[in-house]
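S.K.: Quick one, structure for this:
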Amino acid sequence: MKVVDTGNRPNKQFETSFETHPSSYYGKLFVSIKGAEGNVLIELAKKSKPDKVVAQQKCQGNKRLVFENLPPATYILRALWDTNNNGKWDVGDYEKQLQPEHTQIFRKEIELRSNWESEVAWTLKSVKKKKKVEDEKSKNKVD
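M.R.: Next up is the predicted model:
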């Protein structure tokens, strides 16, 4: 197939090759979530790069999530309550008196190896209970 630009000039031919790992190189992670109230995003990141999200899935209620084709590594999980449903964590706004969206981090690191399937169960703590405690603390605060 010949590719031409707007001046009807042909582009130079370009060839490249690449290799991928066989499917047996990758692992699979099953995460059983309980207690996801509202819009909750479950994020998976490598322990070595916790700020770089490898995969993300939405979750409501009780759900079994599947993360496939993961390279061998040690992973961490975190839950983000996406209250405004924009697909990301928001830091809050002091002027508008908005608190940051709630987060929780899974306590255990997850080691995944080649050709492994791992499963973890995670019961999320209720955000409503946490909010109630914060409200009680602010009522008892002395100015």
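S.K.: who does residue 27 bridge with?
M.R.: Taking DSSP bridges as the rule, residue 27 bridges to residue 70.
S.K.: which residues sit in contact with the most centrally placed residue in the chain?
M.R.: The centroid of the chain falls nearest to residue 43 when counting by CA atoms, centre = their mean (1.4 Å). Going by CB atoms under 8 Å, 6 or more residues apart in numbering, residue 43 touches 53, 55, 56, 77, 78, 79, 80. Where C-beta positions appear, they are placed from N, C-alpha and C, glycine not excepted.
S.K.: can you confirm the second one is in a strand?
M.R.: Pointing back at residue 55 there. Yes: membership of residue 55 in a strand is supported by DSSP: H, G, I helix; E, B strand; the rest coil.
S.K.: count of neighbours near it?
M.R.: Neighbours of residue 55 under the rule other CB atoms under 10 Å: 16.
S.K.: Identify the residues contacting it.
M.R.: By CB under 8 Å, 6+ apart, the residues touching residue 55 are 43, 44, 67, 70.
S.K.: Could you export those to TSV, including columns for secondary structure?
M.R.: Shown next, in TSV, are these (three-state DSSP):
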residue	secondary structure
43	strand
44	strand
67	strand
70	strand
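S.K.: which one among those residues gets closest to residue 92?
M.R.: residue 43 (18.5 Å; CB to CB).
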